[in-house]
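Chemist: Here is my input; please provide its structure:
(one chain, ligands or ions: 1)
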Amino acid sequence: MNIERFEDDELLSAALATRVLESIVARPTLVLGLPTGRTPLGLYRELRERSGGNLIDWSQVRTFNLDEFAGLDPASPNRYRAFMQAELFDHVSIDPANIGFLNGSAPDLKTECRRYEDAIDQAGGIDLQILGIGANGHIGFNEPADGLCSHTHVAELETESREANAQWFGGDWRNVPERALSMGMATILNARKIILIATGAEKADAVHGMIEGLISTRLPASILQVHPRVTVMVDRGASQRLSG
Ligand code: GLP
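Modeler: The predicted structure follows:
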């Protein structure tokens, strides 16, 4: 794994935005995998600001988000889809038809998961997958467990992950859905290039285990160690347990 350290979240976000925008300029048909959460907020702010006025042509870029809550009303502002519209999609020249998203209110969630895998395949696979990491080491909603799912699936959320998402649900973790749809480990590992971002001291243990620990399904992000092209971008807080 290639580790890049930054003094703070702002510098990290600016550097990552530069990399994403350069990738789009170099390959206008880039297929991007995107995360939600607190960590990528700075990235999306930078992408909005630096793509404005059609400075960057997003019209052929395709995106696939990692995950989505199950069972929310299609008009719910708490859907990850609504988050992505507000933080990025509404502000850049992306073609709505090129936005890949899991539909958490689909009548048959298993069929929806298969549709998503097929859509990623038909797009030619993900060129650049950006990931956050949960404090418990999850990526997407692949939660620590004795076994992990390979492909897009319905996931039961740990209380810790529901607590981490409570800020989007009026601060009460019991309002956070118990289930979500998520890309699986193989879906993520099939990306040609992966950049994982982590900020803040509450991620330090997970980052340490992911990079310096054994590969374990109890820390799903550690499985990224087998991927040949992973970059981990960390701020001072998230890197405080790393040796060297
Ligand atoms: C959430 C999402 C993940 C995200 C992670 C970290 O629950 N499902 O995709 O990367 O947890 O979130 P945050 O960046 O808010 O710490």
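
Chemist: From the ligand, how far out is Ile120?
Modeler: To the ligand, Ile120 is 16 Å away according to C-beta to the nearest ligand atom, to the nearest Å. To be clear about C-beta, it is placed using only N, CA and C from the backbone, and glycine gets the same treatment.

Chemist: typo on my end, it should be His138
Modeler: From His138 to the ligand the distance is 6 Å (C-beta to the nearest ligand atom).

Chemist: my guess is that residue contacts Ala164, does it?
Modeler: No: using C-beta atoms under 8 Å as the test, His138 is too far from Ala164 to be in contact (9.2 Å).

Chemist: For those two, indicate the residue with more neighbours.
Modeler: His138 (26 against 20; other C-beta atoms under 10 Å).

Chemist: So which bits of this protein are right by the ligand?
Modeler: 35-39, 66-67, 132-134, 140-141, 161, 164-165 (C-beta under 6 Å from any ligand atom).

Chemist: Report the buried members of those residues.
Modeler: Among those, those classed as buried by 16 or more other C-beta atoms under 10 Å are 35-37, 39, 66-67, 132-134, 140-141, 161, 164-165.

Chemist: Tabulate those residues in JSON lines, adding columns for pLDDT.
Modeler: Output for these, formatted as JSON lines (pLDDT from 0 to 100):
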{"residue": "Pro35", "pLDDT": "98"}
{"residue": "Thr36", "pLDDT": "97"}
{"residue": "Gly37", "pLDDT": "95"}
{"residue": "Thr39", "pLDDT": "98"}
{"residue": "Leu66", "pLDDT": "98"}
{"residue": "Asp67", "pLDDT": "98"}
{"residue": "Gly132", "pLDDT": "98"}
{"residue": "Ile133", "pLDDT": "98"}
{"residue": "Gly134", "pLDDT": "95"}
{"residue": "Gly140", "pLDDT": "97"}
{"residue": "Phe141", "pLDDT": "95"}
{"residue": "Ser161", "pLDDT": "89"}
{"residue": "Ala164", "pLDDT": "89"}
{"residue": "Asn165", "pLDDT": "91"}
